[in-house]
Structures are given as C-alpha cells and as structure tokens.
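Colleague: show me the folded form of this:
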Amino acid sequence: QVQLQESGPGLVKPSQTLSLTCTVSGGSITTNNYYWSWIRQPPGKGLQWMGALYSGSTYYSPSFKSRASISRDTSKNQFTLQLSSVTPEDTAVYYCARATSWEGEYDYWGRGTQVIVSS
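Modeller: Take a look at the predicted model:
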C-alpha cells in the first residue's frame, strides 16, 4: 500500500517562497511509469494541477511554470514543491498524489495540507 504525506508550514507571508515536502512510503519514487504530482485546491475552487515528476524529469502547468519548482530526494523517498513569490491567492489545500497516466488517473493521494498566505 502506497502512502503519501504532505508536510510544510501552514502559514506563509506574501512574497515568500512556499516549500512543501511529500514523503512516500510503500513504493519508490524512482519507479518508472508514475507521475508524482502536486495539486492544489483554493477555497471555493476546483483542483489545480501544478506539476509532476516523471522518470526524473519535471513537468509544470503553464499557470505555475514561472514560480514552481519540483525536485526529489531519492535517499529519503521524498519530492518537494517550491512556489515562489506567493500571494494570498496561493492560499489552498495542497496535495501530493501519484498518477498512472498523463491524463491524471490518480491511484494514491496524500491527505492534503492547508497553506494560508497572509501577513
């Protein structure tokens, strides 16, 4: 059973960089054919795909490409999201998830972590 767990600060000030970590257990993030993804849901809005790691390469939504960076630490079986220059509009629940296809067929999700951007 694969488990994903997000961690990071719950409160970030505007203009700072948000950093979140997804710790994976029960499976290796170096396994091919999976998209290790970051997705968020702002209050009152739908899910927004931010980007993913696939076979060591990163892919980003055009909406976040200029501010987001996804990396991995294979020794810890973790992958991270950094989002720079945050504003209150980045307030959301952030999820990490594993997809089995580029079309976004997700088989495992983390529980999500609430991030509030406020001074």
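
Colleague: who does the helix or strand where residue 69 lies pair up with?
Modeller: Residue 69 is part of strand 68-73, with elements assigned from DSSP states H and E. Strand 68-73 has the following strand partners under DSSP bridges: strand 78-83 (antiparallel).

Colleague: and the end-to-end length of stretch 96-103?
Modeller: 16 Å (CA to CA, to the nearest Å).

Colleague: residues of that stretch that come out buried?
Modeller: Under the neighbour-count criterion of 16 or more other CB atoms under 10 Å, stretch 96-103 has 96-99 buried. The way it works is simple: take the backbone N, C-alpha and C, and place the C-beta from them, glycine included.

Colleague: can you check stretch 104-114 too?
Modeller: Taking 16+ other CB under 10 Å as the criterion, stretch 104-114 shows 108-110, 112-113 as buried.

Colleague: which of these fall in strands?
Modeller: Those of the buried residues of stretch 104-114 mapping onto strands are 108-109, 113, per DSSP state E.
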